[in-house]
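1. predicted model, plus sequence, below.
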Amino acid sequence: MRRVVMTLCLALLAGLSASAYAIDHDNLDEGRPLRLEDAYPIASGEWAVEMGAGLSAQRKSRTRGFFPFEVLYGLVPNLQVSIGTTLFTDPRQIEGQTKSGDMQLSGLYNFNQETLSLPALGLRVTVNAPTGTASSGVDVRVKGLVTKSFDRLSVHVNPAYEMFSGTSPLDRDGRFELALGASYPLRAPKNTLTTVLGDVFTEQTPRRGDPQIVGIEAGVRQQWTPWTVLDAGLGTELAGPTNRSSVFLTVGFSIGF
Amino acid sequence: MKPRPLLLVSFSLILVLTTGVLSALAQWVTRDERWPTRGPWLWAVYRELPQFYRELNGIDFGHAYLAETLLQTQDPQEVERARLEVLDFIFSSPPVPPDEEMIAPTLTRMIWEAYKAFNWAHTFHRSVYDLYASDRVADKDSALRQIFADYISKPEAITSHPLDLHDKLWSFPESKAFRTKFRTFNTQIWAYHWLQAATYDVQLLGNASKQRELMPRLIEFYHGYLRKPPVEWQFMPMMGEGAPKFAARFPEIAVVFDNLHMLHDNIDDILSRPDLYPTREAKRTAILKILPIYLHQNHAPEDRYADYHAPAAAEHAGMDMHGGKGMKDMGLRPPTAEQVMTHAAPQREGTPKVPAAKPETEHRGH
């Protein structure tokens, strides 16, 4: 399976045009670099590829590498669809339902543009197919996206609920997640190429009875060329099960074309 | 609590909530961001005319920063400071388009309906530059028709119907306020529009290599306008003035860009009259009153905006700029691209001398 995914990734990369257009680097997408995202999709008709590499140091087990890859498309105005996967090192040690090599199909719909009185509202639905190592069951996650700005500071709220199938009796059938954070363009208005962002998050653990995970993370997105954005993020899980992550970091790259 | 006060409180609460919800819903607007029309021409300006590409990035900043400034202040010193900051930005030759939502966060959230019309029209503008800067397309007229058809089919497209820009659309209570109060900044904005127009006629003169050879002359002339804005201009430059050949060949497209530039002026006028429009809501209402005239695609003699149609004689404003009723008494007008190329246009003070180019006959292959 891993070979298939890698082949797909390389084929898509090879097909990328050398030329691309102005990517909206303020458009925050999950994983690039934080879990926090805004309520906006990519432009209608735009293609984008987002990829990254990261490390997560676990308190009770070996440090794990992860490599997310996602292809996005603006299907119609205000709706983006995407397909992606994440490969992990030590794939069999992963707790939870999302395994290394699982294929994720996602749709993000934005209901409205933020105005002076209304926040921007969006909804993301993700289906996780058990194509990965030791994976079982199709999982569905529904995530609300709210963005409200105060001058150039944008606050984002992402509540989510994920429904699992194919779980063991010790695991939950579903779990709640919540991320609350903000993004800000450094040195704006004269320079709008750098955005810093941060969030606090909490989520229920996959295993019943384990304490809830609480963490913080911070990152930066830097527009590199009109079509490319580089990002980096760093975080920690402050509370949760004994084998929670003591620190995780990621770097990534997005290209719109 | 007695029943009557309870009833009163409930009624008041419902009233407040209803008013709040209705007011909020009145601002409901969809985002509708679009990627440019796809074709082999995409990003050609970035590759072939990098200097011009950077000028366009500077212009994007200039429009957004001006509008946000006018929302915050009418103090002449502050507005002048903002103008100089725009110049600094333009002369920094920005390699990446700025994020206008971060430059003008209040304006874009206040009036997204207008902003998305600007956004789509600016995308169209850039696509046409891309097309003519690309040597990969043989039949450019056909490709241009395709790009235009895609542009005009969208609800936020600015109409290609000639409107009465000089008279009816510049006779609102606030009209000319920006020109009167901030003439230097206003004519600096008009200089952007002149460059945007004149470039098309330069592009008609040859392939990408020829354009690369000619554009520095045009850009230097434009920089002369930035260093010393053409305050003698009384009205915005028209496509038919900067680019008469392009406007004659593609009148519908020239009209779209003239209408686009006039809409900029209308909005800047509204933002320059806080006495008439003291609140953001009042400004938004005034802009939303004008915007539909520009977005109305099927202007016909009997339609509700008939008053705003260009007089028949000036319908093809792009082709006959100096004969129309509205163009009388406009004083000194901007030069054509060809006049700049041949040094027939007077050099602005402080503009470095660039050797006169030799424009060839129009490049029909494009």
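-> Happy to help now that I have it.

2. and chain B, which residues reach chain A?
-> Proximity of chain B to chain A, by Cβ under 8 Å from any Cβ of the partner chain, involves residues B:23-24, B:27-36, B:38, B:42-43, B:46-47, B:61, B:64-65, B:68, B:85, B:88-89, B:95-99, B:101-106, B:109-110, B:112, B:116, B:280. All C-beta atoms are positioned from the backbone trio N, CA, C, and that covers glycine.

3. now do 7 Å
-> Within chain B, the positions near chain A by Cβ under 7 Å from any Cβ of the partner chain are B:23-24, B:27-36, B:42-43, B:46-47, B:65, B:89, B:96-99, B:101-103, B:105, B:109-110, B:112, B:280.

4. how about the contacts made by A:Gly219?
-> Contact partners of A:Gly219, counting by Cβ atoms under 7 Å, 6 or more residues apart in numbering or on different chains, are A:33-34, A:197, A:231-234.

5. now B:Leu56
-> Contacts of B:Leu56 (Cβ under 7 Å, 6+ apart): B:Arg126.

6. 8 Å - rerun?
-> B:45, B:97, B:126, B:129, B:196 (Cβ atoms under 8 Å, 6 or more residues apart in numbering or on different chains).

7. confidence score at it?
-> According to the prediction, B:Leu56 has pLDDT 96.

8. can you say which helix or strand has it in it?
-> Element membership for B:Leu56, per DSSP states H and E: helix B:50-72.

9. point out where the chain drops to low pLDDT.
-> With no chain named, the answer covers chain A. Applying pLDDT under 70 to chain A flags residues A:1-23, A:25.

10. sorry, should have said chain B
-> Residues of chain B meeting the criterion pLDDT under 70: B:1-24, B:299-302, B:312-329, B:349-366.

11. repeat that with 50
-> B:1, B:316-325, B:354, B:357, B:359-366 (pLDDT under 50).

12. which pair of the contacts of B:Leu56 spans the longest distance?
-> B:Pro97 and B:Gln196 (14.6 Å; Cβ to Cβ).

13. buried among the residues of chain B next to chain A? Make that a ChimeraX selection.
-> Filtering those down to the buried ones (16 or more other Cβ atoms under 10 Å in any protein chain shown) takes a single ChimeraX command:
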select /B:27,29,30,31,32,33,34,35,36,42,43,46,65,89,96,97,98,99,101,102,103,105,109,110,112,280
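
14. which of the residues of chain B next to chain A fall within helices?
-> Judged by DSSP state H, these include B:23-24, B:46-47, B:65, B:89, B:101-103, B:105, B:109-110, B:112, B:280 as members of helices.

15. ok, of those residues, which one's closest to B:Ala149?
-> Closest to B:Ala149, out of all of those and judged by Cβ to Cβ, is B:Tyr46, at 23.9 Å.

16. from B:Tyr129, how far off is that closest one?
-> When distance is defined by Cβ to Cβ, to the nearest Å, B:Tyr46 is 10 Å away from B:Tyr129.

17. okay, how far is it across stretch B:201-209, tip to tip?
-> Taking Cα to Cα, to the nearest Å as the measure, stretch B:201-209 stretches 15 Å from start to finish.

18. would you mark the buried spots in it?
-> B:201-208.

19. from those residues, pick the one nearest chain A.
-> Closest approach between the buried residues of stretch B:201-209 and chain A, by Cβ to the nearest Cβ: B:Ala208, at 14.0 Å.
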